[in-house]
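Q: The following comprises the amino acid sequence and a computationally predicted model.
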Amino acid sequence: MELIEWSDKYLVGYDEIDNQHKGLVIMINELFTFMTEGKSKENLEIIFDHLTVYTKEHFSNEEKMMLKYDYPDYEQHKLEHVKFIERLNSFKSDFENNKITISLELLNFLKDWLLNHIVITDKKYMPLLEKNRYE
Ligand code: FEO
């Protein structure tokens, strides 16, 4: 069983971004699988590190795309990214220092944040992408 089931309702219509979102979903699902299988802390740490690095890369790519098209809500969108990276870094540090474990509560937080962010915040730039597709 997967924690997140990908659906086309999460597509933003820009292949590079959609593939990165799918990659993030795969990593959260992998963390869920590893947690339920009782994999070692080292194994979970590797996936969590990948998730953190990949999330930063995705945000950076998305921000470049928004700047390229002069997206008016860029600053507000970027602020959401910055806050989430702060949360991820904090989880990562707490996990490495044995203050927290990878729990269902943590994974549900990651899942809810990502899906809400895609559906509410990322999708707001869809008209801009659509407009620039034909220019
Ligand atoms: Fe796809 Fe704004 O993150």
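A: Thanks, I have it. Numbering: from 1, shown residues only.
Q: Spell out the secondary structure type for residue 126.
A: Three-state assignment for residue 126 (DSSP: H, G, I helix; E, B strand; the rest coil): helix.
Q: Isn't it up against residue 12?
A: Yes. If you go by C-beta atoms under 8 Å, residue 126 and residue 12 touch, sitting 5.6 Å apart. Using the backbone N, CA and C atoms, a C-beta is placed for each residue, glycine as well.
Q: For the chain, which residues are neighbours of the ligand?
A: 21, 58-59, 62, 77, 81, 117-118, 121-122 (C-beta under 6 Å from any ligand atom).
Q: can you give me phi and psi for the closest residue to residue 35 other than its chain neighbours?
A: Sequence neighbours aside, residue 102 is the residue nearest to residue 35 in space, at 5.0 Å (criterion: C-beta to C-beta, 6 or more residues apart in numbering). Backbone torsions of residue 102, given as degrees, to the nearest 10, read phi -80, psi 110.
Q: Next up, the contacts around residue 92.
A: Listed by C-beta atoms under 8 Å, 6 or more residues apart in numbering, the contact set of residue 92 reads 48-49, 52.
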